[in-house]
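Trainee: My questions are about this predicted structure, shown below with the sequence.
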Amino acid sequence: MRANREVSRRNITDSNRFDALEDHQTDENIQIPIPPPLPPPLPPPLPPQLPPPLAPHLHLSAGQDVSSIALPNYRRCANTSRRCIFDGCQQSAGHLVPTLIKSALLFHNKLYVPRCARICENHLHSNEWELLLDNSSLTNTFTALEIENLLDSKNVENVIDFENIDLMPNHVCHYWTGRTTQEFIELHNSIPIQSVVPKNSKSALAMLLIKYRTGDSDARISSFFRIAKSTLQYKMNLVRNCLTDHFVPLHLGVSHISHQEIVARNTTIPEKLFGNPHSDASDRWAIVQCDGTYLDVQKSSNYKYQKKTYSLHKYHNLTKPFLVVCCDGHIIDVFGPFAATQTDAEIMNYLVSSSGGLFQYFRQNDVFILDRGFRDSVSNLEALGYKVHKPETKDEGETQLSTLQANKSRCVTLCRWVVEVVNGRFKRDYKLFRNVFINLASAHMMEDFRIAAALINKFHKVIENPENADQIVQIATSRLNLPNYLGQFIQEYNLNRRRVLQLLFARIDANLPELNRFPRLDMNELKLISLGPYQMKQARSYYGEHIRERDIYNNNNINNNNIFISNQSPYLEIQFKYC
């Protein structure tokens, strides 16, 4: 029964399925229109673009362009190619600042040098880059392009590889070591340093030279070479001992130069003023100059050392190296260190009485050019047969030097400036000697000073004769015994009294036609009048002293022209009329 009902249900369902199929076939003949496609949807609107926010510590000053940003911790030089980046330099700036030096200034001093900045020849090789930090033209505002260049400078390839120093530019090697690449290689090959430092011997030599040149701390130099501080100090000690044993004896000390070589280094002016230039070469006198210099040292808890190193003249602790120099600047020897309480005369007397070979080396009649500080040692030197020349001192009861004494003193200063120049080379070329030596470093202070002296003798140019040396000697000798006519004239007419000066002299206008007679002299003529370029270099300071109070330079003219004695001295009229 149940099966019959299921069969009848299926039959009814199948019949209904065929009816739906027929209805579907009928609907297929109807044509239904197709609607057009819809357009694509529009993109959503973009939000307005806002400028990037400034960092919390960056603020725009009033009136500052939005395109420039002030960085308080960084400074930059003027972005100009018309002049040198050093303040007050009037020389032509034709050189770009080397990229490595730019990176060093940025890394050590946070000072950015723009791409267009130029530098002159003198400042490029003077190694006085710290003076840039005092420039009045420095600013802390940067453009977007300058900030990009500042960031790109960090990606500059490091070219400081002393083991491949042949590939290093000369100016880079000179900046760090004070020597060119060829001089560095020559120094390295002249000593057996590879037996002392078998690995990276050139880098070890560079460590000590950089220490002398820059005066930087051991911690900074060790980070530069990426080694430990103790390793740096160990290598520098090895190189220092090697230079002291093998390099210094060849270029410093009495044994490195003969008496005839010292004579050959006599320059024209001291030779003709104090020597015997017309004698045979074997009989000519050696002319040397002596002077002491200073090296600052740290205070010490050793009371005896503290008392000996404290200078009542300089008001700080120091020691004194003592130099003996030829007329052309070649250093014969360096002695010391001596106590700060010892004078130059006491040091000279000690050297005379000591058993060293210095004064056994010189001959009779050799000439010593000294300063007034050696006056207490003159008798000891003259007792040994040497000739001593120093600036004169005032006679007892006198207020000033006589004319002859002043002229003799000028002859000494014409020659003695050489030893002062040599003293300046140490602290100019090797900044280590500008610093204060700590007590630990004082143990090898004189070794470093003697090595620096040997380097100066080896690589530095000697002082040459000026072009007008013969003319200077002729003028100096001809005027040595010449009376001071102007001084006598002023004393005779009592013109040095203030009331007389007010009555006789009156200020004149620079536009007066009489001033057209004032002589016009070129630089060579001025050098002959002043017997050298020193007074010419001081002229700007003299002028500044005159205009300091009133901002004008006063010229006075005497009202009574009949008082001139122009028949005796035309030069007197010029000196007296225009003062």
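Mentor: Great, that's in hand. Treat the numbers as computed from the prediction; the structure is a model and nothing was measured.

Trainee: how many other residues sit next to Glu130?
Mentor: Neighbour count of Glu130, defined by other C-beta atoms under 10 Å: 12. For the C-beta atoms, the positions are set from N, CA and C on the backbone; glycine is no exception.

Trainee: cool, and Ser201?
Mentor: Using other C-beta under 10 Å, the number of residues around Ser201 comes to 22.

Trainee: For it, list the residues it contacts.
Mentor: 188, 193-194 (C-beta atoms under 8 Å, 6 or more residues apart in numbering).

Trainee: can you rerun that using 6 Å?
Mentor: If you count contacts by C-beta atoms under 6 Å, 6 or more residues apart in numbering, Ser201 has them with 193-194.

Trainee: how near is it to Phe162?
Mentor: Applying C-beta to C-beta, to the nearest Å, the value for Ser201 to Phe162 is 9 Å.

Trainee: got it, and Leu404?
Mentor: Separation of Leu404 from Phe162 (C-beta to C-beta): 58 Å.

Trainee: Then Leu150?
Mentor: Per C-beta to C-beta, Leu150 is found 27 Å from Phe162.

Trainee: So for those two, which sits in the more crowded spot?
Mentor: With neighbours defined as other C-beta under 10 Å, Leu150 and Phe162 compare such that Phe162 has more, 23 against 17.

Trainee: Is the more buried one in contact with Ala204, as I believe?
Mentor: No: using C-beta atoms under 6 Å, Phe162 is not in contact with Ala204, being 8.9 Å away.

Trainee: Without its sequence neighbours, what residue ends up closest to Lys102?
Mentor: Val113 (4.7 Å; C-beta to C-beta, 6 or more residues apart in numbering).

Trainee: so what's that neighbour up against?
Mentor: Val113 makes contact with 77, 97, 102 under the criterion C-beta under 6 Å, 6+ apart.

Trainee: Contacts only, for the residue nearest to Lys202 when sequence neighbours are not counted.
Mentor: In space, and not counting its chain neighbours, Lys202 is closest to Phe162: 4.6 Å by C-beta to C-beta, 6+ apart. Residues near Phe162 by C-beta under 6 Å, 6+ apart: 202-203, 206.

Trainee: Let's see that with 10 Å instead.
Mentor: Taking C-beta atoms under 10 Å, 6 or more residues apart in numbering, we find Phe162 in contact with 168, 173, 176-177, 181, 184, 188, 200-207, 209-210, 225.

Trainee: for Ile463, same thing?
Mentor: 265, 267, 325-330, 417-418, 421-422.

Trainee: do that again at 8 Å, thanks
Mentor: By C-beta under 8 Å, 6+ apart, Ile463 lies in contact with 267, 327-329, 418, 421.

Trainee: One more: Ser137?
Mentor: Ser137 touches 77-78, 87, counting by C-beta under 8 Å, 6+ apart.

Trainee: Please look at Asn457 and Ile332 and confirm they touch.
Mentor: No: using C-beta atoms under 8 Å, Asn457 makes no contact with Ile332, being 9.2 Å away.

Trainee: These two: which is more packed in?
Mentor: Neighbour totals were compared for Asn457 and Ile332, and Ile332 leads with 25 against 21 (other C-beta under 10 Å).

Trainee: Could you find the closest non-adjacent residue to the more buried one?
Mentor: Spatial nearest neighbour of Ile332, chain neighbours left out: Val324 (4.4 Å); criterion: C-beta to C-beta, 6+ apart.

Trainee: That neighbour looks like it's in a helix, true?
Mentor: No: looking at Val324 with DSSP: H, G, I helix; E, B strand; the rest coil, it is strand, so not inside a helix.

Trainee: Glu148: which element?
Mentor: If you go by DSSP states H and E, Glu148 is part of helix 144-152.

Trainee: And the contacts of that helix?
Mentor: Contacts for helix 144-152 (C-beta under 8 Å, 6+ apart): 67, 69, 74, 76, 79, 106, 112, 114-115, 142.

Trainee: go with 6 Å
Mentor: With C-beta under 6 Å, 6+ apart, helix 144-152 has contacts from Tyr112.

Trainee: Buried ones in it, by neighbour count?
Mentor: Neighbour counts over helix 144-152 (16 or more other C-beta atoms under 10 Å) mark 146, 149-150 as buried.

Trainee: Ser136: which of these is nearest?
Mentor: Glu146 (19.6 Å; C-beta to C-beta).

Trainee: Go through the buried residues of helix 144-152 and say which is closest to Lys235.
Mentor: Here the nearest of those to Lys235, counting by C-beta to C-beta, is Leu150; it sits at 34.0 Å.

Trainee: which regions of the stretch 151-300 of the chain sit below the pLDDT cut-off?
Mentor: Residue ranges of the stretch 151-300 of the chain with pLDDT under 70: 154-159.

Trainee: This completes my enquiry, with thanks.
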